[in-house]
Structures are given as structure tokens and as C-alpha cells.
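>>> below is the sequence, then the predicted model.
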Amino acid sequence: MSRRQATKRKIARKPTGLAAIRTVLKQRAYDLARWLAQTVPDPRKEQRHLDAGSPERAYWHYGYLVAVRDVHALIQGRRRRLR
């Protein structure tokens with residue numbers, strides 16, 4: 001990347017509104033997929049979160065709840081740190 005391109009990237013405006021939400025969600029999905037690939041060789045085979053009463057199921061639902069709350073906060077325009 002040329003110096004000029006790098007400068008343009010630095011002064012580019014941060015996305016706002018739905019574009020900002022898309023950016024945050026895309027980055028979080030990328031980070032999570034990368035972490036899963038490094039941590040669990042094939043998460044599609046590990047389905048313990050489907051076992052009723054298992055700790056994995058509780059953690060899965062808690063994680064989903066946090067994600068729903070984060071997206072809701074983004075849509076509402078609140079500036080809060082995502083978990």
C-alpha cells in the first residue's frame with residue numbers, strides 16, 4: 001500500500017448508522033470464526049450445546065443472549081462497549 005493510500009485510509013470517515021452496525025457485526029463474526037477454527041477443529045461435530053441440561057447449552061444460550069443485546073444496543077444507537 002502506498003503512503004498516499006495509507007493516508008486516505010486514516011482520514012476516511014468512520015461508518016455510521018447501519019453501516020457501522022454491519023462493520024461491527026462483520027468483524028465480530030470474522031474474529032469468532034477465526035477463534036473457533038483455532039480452538040475447535042470442527043465445531044459442527046461438537047454439538048454438546050444441544051444436550052438438555054448441559055453446561056454447554058447454558059453457555060450457548062447466554063452467549064446468544066449477549067449477542068442479541070449487543071445488536072439491539074447497536075440498532076438503538078447506544079454507545080456501549082460490546083462484550
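Cool, the structure landed. Numbers count the residues shown, from 1 in each chain.
>>> what about residue 72, neighbour count?
If you count neighbours by other C-beta atoms under 10 Å, residue 72 ends up with 10. All C-beta atoms are positioned from the backbone trio N, CA, C, and that covers glycine.
>>> an error on my part: the question was meant for residue 59.
Residue 59: 12 neighbours (other C-beta under 10 Å).
>>> give me the most central residue, this protein.
Geometric centre of the chain, nearest residue: residue 28, 2.3 Å, by C-alpha atoms, centre = their mean.
>>> from residue 48, how far out is that residue?
Between residue 28 and residue 48 the distance is 23 Å, computed by C-beta to C-beta, to the nearest Å.
>>> repeat for residue 37
Taking C-beta to C-beta, one finds residue 37 at 18 Å from residue 48.
>>> same question, residue 58
11 Å.
>>> quick one: the helices in the protein, in order.
Counting by DSSP state H, the chain has helices at residues 3-11, 17-39, 55-76.
>>> now render the ones you listed as TSV, adding mean pLDDT.
Below are the helices of the chain laid out as TSV (pLDDT from 0 to 100):
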stretch	mean pLDDT
helix 3-11	60
helix 17-39	86
helix 55-76	89
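>>> residue 74: neighbour count?
Residue 74 - counted by other C-beta under 10 Å - has 19 other residues nearby.
>>> what does residue 67 give?
Around residue 67 there are 15 residues (other C-beta under 10 Å).
>>> try residue 42
8.
>>> could you give the backbone dihedrals for it?
Main-chain torsions, residue 42, degrees, to the nearest 10: phi -140, psi 90.
>>> before we move on, what about residue 45?
Geometry field for residue 45 lists phi and psi as phi -80, psi -30, criterion degrees, to the nearest 10.
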